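Asks: Need a 3D model of the sequence below.
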Amino acid sequence: MALVLAILSFAAFTANVALGASGVAVPLSDVGEMLVLVAASTFFVVAILKKEADRRNKSDG
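Replies: Okay, here's the model as predicted:
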């Protein structure tokens with residue numbers, strides 16, 4: 001779930017940057033863009049830590 005949220009957040013960030021680069025009005029301000037990128041990074045870290053914990057629990061049992 002966290003990995004899906006990370007992908008969606010990063011896709012929103014990428015779309016916002018692409019729209020800004022093409023000259024179209026961007027839907028997010030600079031602060032909004034930063035918050036979306038922070039959310040994507042946070043969700044990615046949570047997903048990786050969960051996968052590592054699952055792997056460690058699987059190897060212990």
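
Asks: Name the nearest residue to Ser9, ignoring sequence neighbours.
Replies: Leaving aside its chain neighbours, Ser9 sits nearest to Ala40 (3.6 Å; criterion: C-beta to C-beta, 6 or more residues apart in numbering). The C-beta positions use only the backbone N, C-alpha and C, and glycine is treated the same way.

Asks: Contacts only, for the one you found.
Replies: By C-beta atoms under 8 Å, 6 or more residues apart in numbering, the residues touching Ala40 are Ala6, Ser9, Phe10, Phe13.

Asks: Show the model's pLDDT score for it.
Replies: pLDDT for Ala40: 97.

Asks: The one 5 residues further on now?
Replies: pLDDT for Val45: 98.

Asks: Only the buried residues of whichever strand or helix holds Phe10, if you could.
Replies: Using DSSP states H and E, Phe10 sits in helix 2-22. Of all the residues in helix 2-22, those buried under the rule 16 or more other C-beta atoms under 10 Å are Ala2, Leu5, Ala6, Ser9, Phe10, Ala12, Phe13, Asn16.

Asks: and after that helix, which helix or strand comes next?
Replies: Later in the chain than helix 2-22, the nearest helix or strand by DSSP H and E is helix 30-60.

Asks: Just flag the most distant two among the contacts of Ala40.
Replies: In the contacts of Ala40, two members sit farther apart than any others by C-beta to C-beta. They are Ala6 and Phe13, at 10.6 Å.

Asks: Could you measure from Gln19 over to Ala25?
Replies: Just so we're on the same page, residue 19 is Leu rather than Gln. Distance of Leu19 to Ala25, computed by C-beta to C-beta, to the nearest Å: 8 Å.

Asks: Check Asp60 too.
Replies: For Asp60, the distance to Ala25 equals 53 Å [C-beta to C-beta].

Asks: Repeat that for Asn16.
Replies: Noted for Asn16: a distance of 11 Å to Ala25, by C-beta to C-beta.
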